[in-house]
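Colleague: Prediction below, plus the sequence it came from.
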Amino acid sequence: QVQLVESGGGLVQPGGSLRLSCAASGSILHISDMGWYRQAPGKQRDLVARITRGGSTNYANSVNDRFTISRDNAKNTVYLQMNGLKPEDTAVYYCYQSILTGGGPFRDYWGQGTQVTVSS
């Protein structure tokens, strides 16, 4: 079994910063890609940022230059540093990790979601 636990969401004023974390635990043999999606009320879940095991990154245009994704392979953890937050960043943020266990091919595992609210 694999479990992803997210932390770091909350309420912040416009222009503020938050750092999200997502740690995986369980029967993990290897982790390839990690990333973050977000879903605002009434909208689809969209990719925010993704990072490969080697450190290559991709960002949504709306967060480029404000958000930074990073990972600690030794801790099976992915981070999302969010600076210059805007009200339109308000959403539930979900992490995912592509994980190989002993039972088959790589599979995407998801965190429980953490609420980020940007409001004055």
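Modeller: Looks like it arrived, so ask away. In this text the structure is predicted, and so the values were computed from the model without any measurement.
Colleague: For the residue positioned nearest the centre of the chain, name its beta-bridge partners.
Modeller: The C-alpha lying nearest the average C-alpha coordinate of the chain belongs to Trp36 (Cα atoms, centre = their mean; 2.9 Å). Trp36 forms beta bridges with Ala49, Cys95, as assigned by DSSP bridges.
Colleague: Check Leu18 too.
Modeller: Beta-bridge partners, per DSSP bridges, of Leu18: Met82.
Colleague: Check the gap between it and Leu29 for me.
Modeller: For Leu18, the distance to Leu29 equals 32 Å [Cβ to Cβ, to the nearest Å]. No exception for glycine: its C-beta is placed from N, CA and C like everyone else's.
Colleague: Those two: who's more crowded?
Modeller: Set side by side, Leu18 and Leu29 show more neighbours around Leu18, with 21 against 10, by other Cβ atoms under 10 Å.
Colleague: just checking, the more buried one touches Gly84?
Modeller: No: at 11.0 Å, Leu18 does not count as touching Gly84 under the criterion of Cβ atoms under 8 Å.
Colleague: just the strands in the protein please.
Modeller: 2-7, 10-12, 18-26, 30-39, 46-51, 57-59, 67-72, 77-82, 91-100, 107-110, 114-118 (DSSP state E).
Colleague: Now mean pLDDT too, for those, in a markdown table please.
Modeller: Compiled in a markdown table, the strands of the chain are given as follows (pLDDT from 0 to 100):
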| stretch | mean pLDDT |
| --- | --- |
| strand 2-7 | 97 |
| strand 10-12 | 98 |
| strand 18-26 | 98 |
| strand 30-39 | 97 |
| strand 46-51 | 98 |
| strand 57-59 | 98 |
| strand 67-72 | 98 |
| strand 77-82 | 98 |
| strand 91-100 | 98 |
| strand 107-110 | 96 |
| strand 114-118 | 98 |
